[in-house]
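Novice: Pasted the sequence and its predicted model underneath.
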Amino acid sequence: MPPTPPAVRSPRSRSPRWQGTLDKEAQRPDLSQVPGAAPRVRGELLVRFADRVSAANRGAVRSGVGATLGRKLPVRGLELLKVGTGVTGAVEALERRPEVLYAEPNYVYSLTSTPDDPKLQELWALHNTGQVVDGRAGTADADIDAPEAWNNATGDASVTVAVVDTGIAYDHPDLARNAWTNPDETTNGTDDDENGYVDDVRGWDWAAGDNDPQDANGHGTHVAGTIGAAGNDGAGVTGVAWDVSLMPLRVLAADGSGTLADIVAGLSYAAAEGADVVNASLGGPEYSEAMEDVIAGSPQTLFVVAAGNDTEDTGAHPTYPCSFPATNLVCVAATDNQDRLADFSNYGAESVDLAAPGVGIVSTVPPWTTVLSDGFEGAWSERWSTGGTRAWGIESSATRGQFVTDSPNVAYAPNANSWVRPRATLDLSRVPLRHSSSSQCYLIRGRLWPRRAA
């Protein structure tokens, strides 16, 4: 059995700090939460069997805890199981079995950052001359010295960087030139390369379960542009690498959350398809042996991950994957245009390896069509009708502004049957929605949040 990670990294060594999850993708699993537990998919867990265990014995172990096979995951012996209820008890029972290496809930992880709204500002992170960013003058040369690097090299299309995120608008004018395509696959309804994914020409979308990893959130596209927006083309922005192959892998839904099973599958896919680098700007406080196995088991791939945005010391409050000890993992904190640690960024003497510009970054965004936008100010009830078992009201957030909720100023009530809808009829007939969750507003666990302008 693999060695137990240090106590500070163990999910059992500290209480969860998550505040809830988001559920917006069509046909996504039930993300409703057990009170006091870290976010997880209800009724699902991951189990890894030892190599010697036969298929028949695996079936017997599953039956012993009342579980059924959801799907096999791309790590030897790793499976997603459906248990209906009693995940904690099933995990404990499975870990007592000699056939099992480990079992853990199907945790939910979320984005560690949200891209800033595009503004008419220069790319200070690449070349900082002291220009003003969001009303604050920068410090000259507090940047990554991109122009100096470009004198030596501007990138190479043979290098593949997988963006394991919310997807990529791979048809964006500044990204299309550098969008990765699977050389061993064609769109013909057949799994040509026999990797388990049919027609994965552009990568894969685990959040929606299809072969179109288009971005319905914006974060992945923003990250992709920073990495590799086409350079020297007279348009838009430029990435650090002017030439690179960007592999879009969508493991997070439009609300920015995704399951452990999908993230493990995405990381595994990237390594198996030859990604030189994986960018994963996501995380959570729950240690996962399955995620650590994928990273440690792919030594040929460099995993670049975010330190997180909780203003915490990762030594005292680990966040994963940042806090994994793998030698092929680099964890990055964020700095501002004055070369200071961003006021939201995590830090850590052991887990965090370096810091890079992460405030006021201009990059690519998907070409969204706005069909509805509301800041929920003024007489909002004249624009929205509500009903159900709870009374709706207004709350506010420093990061999201005002929003309407069916649980104003109190904890969200489970199993509440409440609704809110616009009074005006929306014409969606000419809106090219790639995913059902691409609408301008989200319904998130009983709260209707306005999406910030992209």
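Specialist: It's in.

Novice: Where do the domain boundaries of the protein fall?
Specialist: 7-107, 132-357, 380-450 (automatic domain parsing).

Novice: Highest mean neighbour count out of these?
Specialist: Between the domains of the chain, domain 132-357 has the highest mean count of neighbours, a mean of 21, where neighbours are mean count of other C-beta atoms under 10 Å. C-beta here means a position set from N, CA and C on the backbone, and glycine is covered the same way.

Novice: Can you report how many residues neighbour residue 363?
Specialist: Here the count is done by other C-beta atoms under 10 Å, and residue 363 has 23 residues near it.

Novice: so what pLDDT did it get?
Specialist: Reading off the per-residue confidence, residue 363 sits at a pLDDT of 88.

Novice: Look up how far residue 228 lies from it.
Specialist: Residue 363 sits 10 Å away from residue 228, going by C-beta to C-beta, to the nearest Å.

Novice: okay if I get the domains of the chain as a markdown table plus distance to residue 123 and mean pLDDT?
Specialist: As requested, the domains of the chain are arranged in a markdown table below (distance: least, C-beta to C-beta, whole Å; pLDDT from 0 to 100):
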| stretch | distance to residue 123 | mean pLDDT |
| --- | --- | --- |
| domain 7-107 | 30 | 76 |
| domain 132-357 | 6 | 93 |
| domain 380-450 | 24 | 68 |
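
Novice: Any chance of TSV for those domains, columns distance to residue 371?
Specialist: Conversion of these to TSV gives the following (distance: least, C-beta to C-beta, whole Å):
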stretch	distance to residue 371
domain 7-107	16
domain 132-357	13
domain 380-450	5
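
Novice: Identify the residues contacting residue 135.
Specialist: Taking C-beta atoms under 8 Å, 6 or more residues apart in numbering, we find residue 135 in contact with no residue.

Novice: State the three-state secondary structure for residue 148.
Specialist: In three-state terms, and counting by DSSP: H, G, I helix; E, B strand; the rest coil, residue 148 is helix.

Novice: Kindly confirm my reading that residue 94 is in a strand.
Specialist: No - when three-state DSSP is applied, residue 94 is found to be helix, with no strand at that position.

Novice: What strand or helix carries the closest residue to it other than its chain neighbours?
Specialist: The spatial neighbour of residue 94 that comes closest, neighbours along the chain excluded (C-beta to C-beta, 6 or more residues apart in numbering), is residue 103 at 3.8 Å. Secondary-structure assignment from DSSP states H and E places residue 103 in strand 100-111.

Novice: Centre of the chain to that strand, how far?
Specialist: On the basis of C-alpha atoms, centre = their mean, to the nearest Å, strand 100-111 sits 15 Å off its chain's mean C-alpha point.

Novice: State the next helix or strand along the chain beyond it.
Specialist: Counting by DSSP H and E, what follows strand 100-111 is strand 132-133.

Novice: What separation do you get for the closest residue to residue 108 other than its chain neighbours and residue 176?
Specialist: The shortest distance from residue 108 to any residue that is not its chain neighbour, by C-beta to C-beta, 6+ apart, is 3.9 Å, and that residue is residue 39. Separation of residue 39 from residue 176 (C-beta to C-beta): 35 Å.

Novice: now do residue 198
Specialist: The gap separating residue 198 from residue 176 is 23 Å, by C-beta to C-beta.
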